[in-house]
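Undergrad: All I have is the shape, not the residue letters:
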């Protein structure tokens, strides 16, 4: 790191990629784009050197909102099934591109959890979709991609939704 | 199988962060063997604020001073692009490198060029103003990440 330019990462070390997925079309579009443009190239040249982790963050159900225990159980089961469905779809996409993939479910606030996962799992590249919110909506609704690109410790690839064909 | 090459736009400036972003991209995203990709290195020259000679309230530069300043700015641009091109060639001998320089505010220039050349994605470093403990995105990378329509890769240089 003295003087000159520091080289950015070893060539032979495996690339740990984390893709943040939720139920939305935008995140699947991000995954699809990343598979087609970034990860496919890597998997064709160096086999076994890219590990893709697909992470879905579920917001924990607010316990106080439901009247009784039975409802909470059903609701969380439905949530689990949804999450499993989303993850298996993403996993299939990775498998079709002949990439090693694993899936995890994280519970909590997406922004924090994703950035924490990047640190804990030693991720080299984070891929997130973006809802393409305008300035004001971003300020009010909060943007996971914004937060992650600010705070994640690794390079972040933000994939925008495709332009709507009118 | 002939892979269609990607066109990747990398924003470079005099700082280390963009050079780090460029080398990270070359090391991790581009195959070393037979890459068909094209790397477009873009340097944005901020235009000199020149007041017209008629306006007596601002500073007036003699034309020779303006020429010198412009020549310096062009030298800086050429230097940065040459260093970046050399970095590319060192790390990957086959990749096509296209240096380019445009005049204007970096935020607008980068978005403009990205749309005009229809690049596949954009790579930027981020200065992360160090005074504040939690890293903030530099204003150029933040602005471009929101405005540009193609995917954006933001690489922050690690602090160690």
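TA: Nice, thanks for sending it over. Since the model is a prediction, treat every value here as computed from it, not as a measurement. Numbers count the residues shown, from 1 in each chain, chains lettered A, B, ... in the order given.

Undergrad: Please give me every residue in contact with the most centrally placed residue in chain A.
TA: Centroid check for chain A by CA atoms, centre = their mean gives residue A:20 as the closest residue, at 1.0 Å. When contacts are counted by CB atoms under 8 Å, 6 or more residues apart in numbering or on different chains, residue A:20 is found next to A:27, A:55-57, A:110, A:114, A:126-129, A:144, A:148. Glycine gets a C-beta too; all of them are placed from N, C-alpha and C.

Undergrad: Only whichever of those residues are buried, select them in PyMOL.
TA: Restricted to buried positions by 16 or more other CB atoms under 10 Å in any protein chain shown, the PyMOL selection for those reads:
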select buried, chain A and resi 27+55+56+57+110+114+126+127+128+129+144+148
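
Undergrad: Would you format the contacts of residue A:20 as JSON lines with pLDDT and distance to chain B included?
TA: Formatted as JSON lines, the contacts of residue A:20 follow (pLDDT from 0 to 100; distance: CB to the nearest CB, whole Å):
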{"residue": "A:27", "pLDDT": "89", "distance to chain B": "13"}
{"residue": "A:55", "pLDDT": "91", "distance to chain B": "19"}
{"residue": "A:56", "pLDDT": "89", "distance to chain B": "20"}
{"residue": "A:57", "pLDDT": "87", "distance to chain B": "20"}
{"residue": "A:110", "pLDDT": "88", "distance to chain B": "18"}
{"residue": "A:114", "pLDDT": "92", "distance to chain B": "15"}
{"residue": "A:126", "pLDDT": "94", "distance to chain B": "10"}
{"residue": "A:127", "pLDDT": "93", "distance to chain B": "9"}
{"residue": "A:128", "pLDDT": "92", "distance to chain B": "10"}
{"residue": "A:129", "pLDDT": "90", "distance to chain B": "10"}
{"residue": "A:144", "pLDDT": "86", "distance to chain B": "13"}
{"residue": "A:148", "pLDDT": "87", "distance to chain B": "10"}
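
Undergrad: Okay, and which of the contacts of residue A:20 map to helices?
TA: A:27, A:110, A:114, A:144, A:148 (DSSP state H).

Undergrad: does residue 122 sit in a helix or strand, and which one?
TA: The chain I'm using is chain A. Following DSSP states H and E, there is no helix or strand that holds residue A:122.

Undergrad: actually chain B
TA: Counting by DSSP H and E, residue B:122 is part of strand B:121-126.

Undergrad: can you check residue B:82 too?
TA: Assigned by DSSP H and E, residue B:82 falls in helix B:63-91.

Undergrad: which stretches of chain A have low pLDDT?
TA: Chain A contains residues with pLDDT under 70 at A:1-13, A:41-48, A:62-69, A:139-140, A:165-166.

Undergrad: can we see that at 80?
TA: A:1-14, A:39-49, A:60-73, A:132-142, A:163-166 (pLDDT under 80).

Undergrad: which stretches of it form strands?
TA: Shown for chain A, the strands assigned by DSSP state E span residues A:15-21, A:50-58, A:100-107, A:125-129, A:156-159.

Undergrad: Find the least confident helix or strand in chain B, judged by mean pLDDT.
TA: helix B:139-147 (a mean of 83; mean pLDDT, DSSP states H and E).

Undergrad: what angle separates the helix ranked longest in chain A from strand A:50-58?
TA: Identified as the longest helix of chain A according to DSSP H is helix A:69-96. On the basis of axes from the mean of the first three to the mean of the last three CA atoms, to 10 degrees, helix A:69-96 is oriented at 160 degrees to strand A:50-58.

Undergrad: about what we covered before: quick one: the residue nearest to the centre of chain A and chain B, what's the gap?
TA: When distance is defined by CB to the nearest CB, to the nearest Å, residue A:20 is 14 Å away from chain B.

Undergrad: so what's that residue closest to, chain neighbours aside?
TA: residue A:128 (4.8 Å; CB to CB, 6 or more residues apart in numbering or on different chains).

Undergrad: Dig out what that neighbour forms beta bridges with.
TA: residue A:158 (DSSP bridges).

Undergrad: didn't it look like it was pressed against residue A:144?
TA: Yes: contact criterion CB atoms under 8 Å: residue A:128 and residue A:144 qualify, at 6.4 Å.
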